[in-house]
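K.L.:
below are the sequence and a predicted model; questions follow.
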Amino acid sequence: MSEGQQAAAARSTLALTGAAEVLRPPADGLPYLRHDRAHELRLDPTPIAVHGDRIADFAADDGAAMRIDATGCAVLPGLVDCHTHLPFAGWRAEEYELKVTGVPYEEIARRGGGIAASARAFAQASDGEVLAQARALAAEMMACGTTGFEAKTGYGLSPEAEARAVKLGRELGADRVTGLFAHAVPEGYDADGWMNAVDALAAACDVDALDIYVESVAFANEHLERLGAIAAREGVPLRAHVEQFNANRSVPVALAAGARSVDHLACLHPDDVEPLAAAECAAVLLPGAELMSAERTPPARALADAGAICALATDCNPGTSPIVSLPLIVGLAVRRYGWTAREALLACTLNAAWVLGLSEELGSLEVGKRADLVVLDSPVAHVPYRFGRNPVCLVMRAGEVTWVRSDAAWRVTA
Ligand SMILES: [Zn+2]
């Protein structure tokens, strides 16, 4: 390599300049930031240099091949959606109307609705149809700033169909695929019997984490305990849907089992706030599902003040949260939880990446991390305030500009 070539290789390939606010952690190398420290997140102006797929420097680079003029903009790390139910087939819009007009869930289920309806749609759709829908949703997520996301199984409801869901999650290119094999008890099984099938699926399938839905209509704390043992045997993190509609006191069970996250928590028992906040276990809050299902509001302000590792996600699914936008989720969290914009953004960046075991790579703007960034056409404070509006005007994933809003095309020059 000539001296000139070496200089070119050392030079960054892309320079972002002019941003008024750039969200950065208080220090490099943090795996997560507990929420009582969210105010330490910095929002200073700084240029960003990208080399290949990595963040190279926070300094101006006049020799970059591509330039992004972010004048007047805020820049965030790529948003991370750590709880979605992609891939699924079809929607359940007709059920939503029944639900909001007061038809009880039992009646909806009797008419063939609920998770069983999504399982039927999943069984009837071809792989190509499932992937086409999921890819369209992933593109919508990208346009809202999501550059990393999790997929889950759970609409298979048979050993063969759950294995197919794992395969489709991988084909979709999700950053993590979670085996939610214990989502609902399939027809012909009782919960104990299905847990034997879950055990076999966990051993046979290539998944990054295991998950369970603990609720009166699904699985109980004893099954959560059993899944904890299975996850430990398989060497993958345990996650759990808990305390969504009832207080089942599942959090102490999940903590004892070493869970990576407990998700939902709308009915979290007050006595479980402190132990959860002290644990190395994320509280994943899903305010979109809370709104759409008229759930209670979790004690999110108390969790944040007590220093929990809080995360936010869309819970994107056809039943309780057909939502793809993390900026919308940020708006909901700020209003419902009494959180600051910094608290809400921390929860869908660094802490969400930690939930997925990806915080060395994603979730914050640091030299050496994957160059995933989101350019907003407004200050950070506008994200929750101008509720429901998408402020994202440019998205970069792994150093490549993957989405630009048409009115922001002028910002990119090559
Ligand atoms: Zn969920």
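P.N.:
Yep, that arrived.

K.L.:
need the contact list for Ala19.
P.N.:
Pro45, Thr46, Pro47, Ile48, Ala70, Thr71, Cys73, Ala74, Val75, Val375 (C-beta atoms under 8 Å, 6 or more residues apart in numbering). Glycine gets a C-beta too; all of them are placed from N, C-alpha and C.

K.L.:
export the lengthiest helix in the chain as PDB, just CAs?
P.N.:
The residue-count maximum for a helix in the chain (DSSP state H) belongs to helix 127-143. What follows is helix 127-143, C-alpha atoms only, in PDB (Å, rounded to 0.1, in the frame of the first residue of the first chain):
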ATOM      1  CA  ASP A 127     -42.600 -18.400   4.200                       C
ATOM      2  CA  GLY A 128     -42.400 -15.800   1.500                       C
ATOM      3  CA  GLU A 129     -45.600 -14.100   2.700                       C
ATOM      4  CA  VAL A 130     -44.500 -14.000   6.300                       C
ATOM      5  CA  LEU A 131     -41.100 -12.600   5.400                       C
ATOM      6  CA  ALA A 132     -42.600 -10.000   3.000                       C
ATOM      7  CA  GLN A 133     -44.900  -8.600   5.800                       C
ATOM      8  CA  ALA A 134     -42.000  -8.700   8.300                       C
ATOM      9  CA  ARG A 135     -39.600  -7.000   6.000                       C
ATOM     10  CA  ALA A 136     -42.100  -4.200   5.200                       C
ATOM     11  CA  LEU A 137     -42.500  -3.700   9.000                       C
ATOM     12  CA  ALA A 138     -38.700  -3.700   9.500                       C
ATOM     13  CA  ALA A 139     -38.500  -1.000   6.800                       C
ATOM     14  CA  GLU A 140     -41.200   1.100   8.600                       C
ATOM     15  CA  MET A 141     -39.200   0.700  11.800                       C
ATOM     16  CA  MET A 142     -36.000   1.800  10.100                       C
ATOM     17  CA  ALA A 143     -37.800   5.000   8.900                       C
END
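
K.L.:
who's in contact with stretch 158-177?
P.N.:
80, 86-87, 119, 122-123, 127, 130-131, 134-135, 138, 148-156, 179, 181, 186, 197, 200-201, 204-209, 356-358, 362.

K.L.:
helices - which of those land there?
P.N.:
Filtering the contacts of stretch 158-177 for helices - DSSP H - leaves 119, 122-123, 127, 130-131, 134-135, 138, 197, 200-201, 204.

K.L.:
could you pick out the buried ones from those?
P.N.:
Neighbour-count burial within the ones in helices among the contacts of stretch 158-177 applies to Ala119, Phe122, Val130, Leu131, Ala134, Ala138, Ala197, Leu201; the criterion is 16 or more other C-beta atoms under 10 Å.

K.L.:
out of these, which is nearest to Leu328?
P.N.:
Nearest to Leu328 out of those is Ala138 (C-beta to C-beta; 16.5 Å).

K.L.:
list the contacts of that closest one.
P.N.:
By C-beta under 8 Å, 6+ apart, the residues touching Ala138 are Leu86, Phe149, Leu172, Gly173.

K.L.:
what's the following helix or strand after the lowest-mean-pLDDT helix or strand in the chain?
P.N.:
Ranking every helix and strand in the chain by mean pLDDT, DSSP states H and E puts helix 3-10 at the bottom, with a mean of 49. Sequence-wise, the next helix or strand downstream of helix 3-10 (DSSP states H and E) is strand 14-17.

K.L.:
contact partners of that following strand?
P.N.:
Under C-beta under 8 Å, 6+ apart, the answer for strand 14-17 is 47-51, 60-62, 64-71, 75, 371, 373, 375, 396, 399.

K.L.:
list the strands paired with it, with their directions.
P.N.:
Applying DSSP bridges to the sheet, strand 14-17 is found paired with strand 48-51 (antiparallel), strand 66-69 (parallel).

K.L.:
please, which helix or strand holds Ile55?
P.N.:
Assigned by DSSP H and E, Ile55 falls within strand 54-57.

K.L.:
what packs against that strand?
P.N.:
Strand 54-57 is packed against strand 48-51, with contacts defined by 3 or more C-beta pairs under 8 Å, 6 or more residues apart in numbering; DSSP states H and E.

K.L.:
give me the mean pLDDT for the strand it packs on.
P.N.:
The average pLDDT within strand 48-51 is 96.

K.L.:
how about stretch 272-289?
P.N.:
For stretch 272-289, mean pLDDT rounds to 98.

K.L.:
centre of the chain to that stretch, how far?
P.N.:
Computed by C-alpha atoms, centre = their mean, to the nearest Å, the chain-centroid distance of stretch 272-289 equals 14 Å.

K.L.:
quick check: phi and psi at the closest residue to Leu303 other than its chain neighbours.
P.N.:
Residue nearest to Leu303 in three dimensions, not counting chain neighbours: Ala283, with 5.2 Å by C-beta to C-beta, 6 or more residues apart in numbering. When read as degrees, to the nearest 10, the backbone of Ala283 gives phi -90, psi 100.

K.L.:
burial of Ala283, as a residue count?
P.N.:
Here the number of neighbours of Ala283 (other C-beta atoms under 10 Å) works out to 30.

K.L.:
wait, what's in contact with it?
P.N.:
Residues near Ala283 by C-beta under 8 Å, 6+ apart: Ser261, Val262, Leu265, Leu276, Ala277, Pro298, Ala300, Leu303, Ala308, Ile309, Cys310, Ala311.

K.L.:
closest one of the buried ones among the ones in helices among the contacts of stretch 158-177 to Tyr32?
P.N.:
Distances from Tyr32 to these, taken by C-beta to C-beta, are shortest for Ala138, at 24.8 Å.
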